[in-house]
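Undergrad: Just need the structure, nothing else, for what follows:
(one chain, ligands or ions: 1)
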Amino acid sequence: MGILGRMVVTVLPLMPKFVVGWVSRRYHAGVNLESALETMTSLSKEGACFTVDVLGEEITTMQEAQFFIEEYNRVLDRIVAEGFDANLSIKPTAFGLLIDPHSAEKSMENILRKAEKNNIFVRLDMEDHRVTQTTIDLVLRLHEMGLKNVGTVLQGRLFRTLDDISDLANQLGQDADHRICKGIYLESSDIAHTDKKSITLATNEAIDAMLQSGAYTAIASHDSKVIEHSLRSLKNMGMGPDIEDPRPNAGNSRIGKGPGYEFQMLLGVRGDIRRKLAKEGHRTRIYLPYGSKWYEYGVRRLRENPDVAWHITKALLMPWSNRR
Ligand code: FDA
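TA: Below is the predicted model:
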């Protein structure tokens, strides 16, 4: 699998852009906000809610941040005007976290304040290990400023994640709200699990720790092993669709959230599993990226993690294995 993925990544620069565009079209919601809104309208019928992400990440000059500031403001205005059930996802390095952290924080704070007025939650996506602690600290500071509508993402593959869950539970108490995923960045064996089985086991362990910590737990995975494990853990804790969150250490129910947990999946990936979970009554959220930077974003993701190339190739060759 690794070899095939690496082969795809090697030939990628030789492929005409339109071929890459044709393949990647199922994984993003178009190049502009209008196409993203159209996608949301049609997928709302499947009982899903959304996390909207403006494609792009690490900028090299602070001027580039202006694009993201303006675009996220436009997204917020439209979500509110059209009444979509949607959150936002932000990549802190796209706002300049690695260049001018103070100004990046101010820009994100402004977006959060506007989102808060409209009961919209904002997730700070987790990027690679260079910004793990900075992103967590940022969330803690924003909470100290009174902004409770923000949370970040913890990555099951990192050794530190169980400690982070417990520290965040101590510091944020009932306001803790995290997304838990395996982690897309291939980190070194000094700080992370590197084989598939250990990553899956560690992610499952993190999901259990998060549920027990009282945090709102957004389970972001398409892996049946992770989803089935989560369903068993939820059942053991007396949690499930239409059941008020029974955990004594959990926060009050919040607008747009499930009963202490939800499932999240990427647009275009394992739609059959998502629809089944939604049909069973679980809150399911689709991560919906859009924007003109789809090519750069896609190529970078493939280079970072050749497994993604294999997943996409498999979806093309065996379409029954992955329905949009
Ligand atoms: P796994 O990789 O084993 O995939 C299980 C199956 O799902 C595959 O066999 C394949 O069929 C399908 N599949 C998975 N990914 C696919 C793809 N891209 N294309 C086609 N098929 C695919 N990571 C991170 O580091 N920071 C973050 O903030 C986030 N945010 C995030 C949000 C949401 C909603 C999701 C679902 C995922 C993330 N991730 C992330 C990515 C995550 O860490 C992880 O890399 C991917 O979800 C793949 O891991 P799975 O648990 O799906 O298992």
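
Undergrad: which stretches of the stretch 201-324 of the chain form helices?
TA: Using DSSP state H, counting those that start in this stretch, the helices found in the stretch 201-324 of the chain span residues 224-236, 271-279, 294-304, 306-317.

Undergrad: can you tell me the average pLDDT over the shortest one?
TA: Model confidence over helix 271-279, given as mean pLDDT, is 94.

Undergrad: before we move on, what about the first one?
TA: For helix 224-236, the mean pLDDT works out to 98.

Undergrad: From here on, call the first residue 30.
TA: Okay, using 30 as the starting number, the last item reads as helix 253-265.

Undergrad: and the angle from it to helix 300-308?
TA: Counting by axes from the mean of the first three to the mean of the last three Cα atoms, to 10 degrees, helix 253-265 lies at 10 degrees to helix 300-308.

Undergrad: buried sites along helix 253-265?
TA: Going by neighbour count (16 or more other Cβ atoms under 10 Å), the buried part of helix 253-265 is 255-256, 258-260, 262-263. All C-beta atoms are positioned from the backbone trio N, CA, C, and that covers glycine.

Undergrad: Closest to the ligand out of those?
TA: The ligand has its nearest neighbour among the buried residues of helix 253-265 in Val255, at 5.4 Å by Cβ to the nearest ligand atom.

Undergrad: before we move on, back to that, among the buried residues of helix 253-265, which one lies nearest to Phe79?
TA: Ile256 (19.3 Å; Cβ to Cβ).

Undergrad: Just to be sure, Leu72 is in a strand?
TA: No: looking at Leu72 with DSSP: H, G, I helix; E, B strand; the rest coil, it is helix, so not inside a strand.

Undergrad: Near the ligand, which residues of the chain? Just list them.
TA: Residues of the chain lying close to the ligand (Cβ under 6 Å from any ligand atom) are 154-155, 182, 184, 210-214, 249-252, 255, 293-295, 298-299, 316, 336-337, 340-341, 344, 350-351.

Undergrad: Show the contacting residues for the closest residue in space to Glu67 that isn't next to it in sequence.
TA: Excluding its sequence neighbours, the residue lying closest to Glu67 (Cβ to Cβ, 6 or more residues apart in numbering) is Gly59, at 7.5 Å. With contact taken as Cβ atoms under 8 Å, 6 or more residues apart in numbering, Gly59 is in contact with 65, 67-68, 319.
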